[in-house]
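build the 3D model from these lines:
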Amino acid sequence: MPDELTIANRLGVSRGTARAALGRLVQEGLLERKAGVGTRVAKQRAESGIRAWRSFSGEMAAKGITVENFSSEFRRYRATEEVARALEVPPGSSVQRLDRVRGWDGQPVLFSRSWLHPRLRLTGSEDFGLPLYRLFEEASGVVVEKAREEFAAVAAEAAIAKRLGVSRGTPLLLRRHTVSDANGRPIEFAEVHYVSARFTLTLDLRREFL
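Numbering: from 1, shown residues only. Now for the predicted structure:
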């Protein structure tokens, strides 16, 4: 990368603004600085489970794993209090629900249940084998922007255990998230159960200097 002064002159900003922007990109892992070498674009890393919430299939593909869809069910339901609160719709409103069992090497790894906001206007004829947020963009023109995640350790209930091919009471990782569009409006509320023995979710953290 050019030095701070060169970047500032090219962009017509102060050197302090250029320095702050470069520092932010270094913190986000997009650039790296080395003494005697300078600033350069950082080498792309395989995304962790947290950083890659936009595309689970893409993350697994980067690891050489092809995700299989074992089952998919799309129906309309009445929103419970919890779902209505997450999607910001009146309780009892008609929402769409997508259930999917996914995994690899012939083994189910996760069961996801997504409640979808009516504004997506999905019909059920879409290709749910696609990465979900890519499907939203192609079918509805909705671009996802952020997600709020919660995690818990749970024991498999009978219905979920049957879907995942495990015994009742098997330890599962429960990941609950609410996904919003570029305008901050919720579009999906989901619960994803992972078989702990078949999947590890990792966090890639970076220290922030205040």
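
need the three-state assignment for E59.
What DSSP: H, G, I helix; E, B strand; the rest coil gives for E59 is helix.

end to end on stretch 171-190, go ahead and measure it.
Distance across stretch 171-190, first residue to last, is 19 Å (C-alpha to C-alpha, to the nearest Å).

what mean pLDDT does that stretch get?
For stretch 171-190, mean pLDDT is 93.

flag every buried residue along that stretch.
Neighbour-count burial for stretch 171-190 flags 172-173, 175, 177-181, 186-190 (criterion: 16 or more other C-beta atoms under 10 Å). Just so you know, the C-beta spots here come from the backbone N, C-alpha and C atoms, and that holds for glycine as well.

among these, which pair sits farthest apart?
L172 and D181 (29.0 Å; C-beta to C-beta).

tell me the first helix or strand C-terminal of the helix or strand bottoming out on mean pLDDT in the chain.
Least confident helix or strand of the chain, by mean pLDDT, DSSP states H and E, is helix 56-62 with a mean of 75. Using DSSP states H and E, the next helix or strand after helix 56-62 towards the C-terminus is strand 68-78.

name the residues of that next one that are buried.
For strand 68-78, by 16+ other C-beta under 10 Å, it's F70, F74.

cool, and stretch 191-198?
Within stretch 191-198, judged by 16+ other C-beta under 10 Å, the buried ones are E191, V192, H193, Y194, V195, S196.

and the contacts of the helix or strand containing the third one?
When secondary structure is defined using DSSP H and E, the element that contains H193 is strand 186-195. Residues from elsewhere that reach strand 186-195, judged by C-beta atoms under 8 Å, 6 or more residues apart in numbering: 83, 86-88, 108-117, 119-120, 132, 136, 142, 144, 154, 156, 160, 164, 166, 170, 172-181, 201.

of the residues you listed, buried ones?
Buried members of the contacts of strand 186-195, counted by 16+ other C-beta under 10 Å: 83, 86-87, 108-112, 114-117, 120, 132, 136, 142, 144, 156, 160, 164, 166, 170, 172-173, 175, 177-181.

show me where this protein has strands.
Secondary structure of the chain (DSSP state E): strands at 31-34, 38-41, 68-78, 94-104, 107-116, 144-155, 171-181, 186-195.

mind listing what the second one pairs with, with the direction of each?
With DSSP bridges as the test, strand 38-41 is paired with strand 31-34 (antiparallel).

and the strand it pairs with, how far out from the chain middle?
The chain centre lies 27 Å from the centre of strand 31-34; the measure is C-alpha atoms, centre = their mean, to the nearest Å.

and the lengthiest helix in the chain, what does it pack against?
In the chain, with assignment by DSSP state H, the single longest helix is helix 15-27. Secondary-structure packing of helix 15-27 (3 or more C-beta pairs under 8 Å, 6 or more residues apart in numbering; DSSP states H and E): helix 4-11, strand 31-34.

hey, what's the angle from it to helix 4-11? Just curious.
Orientation check (axes from the mean of the first three to the mean of the last three C-alpha atoms, to 10 degrees): helix 15-27 against helix 4-11 gives 110 degrees.

next, the buried residues of helix 15-27.
Going by neighbour count (16+ other C-beta under 10 Å), the buried part of helix 15-27 is A18, A21, L22, L25.
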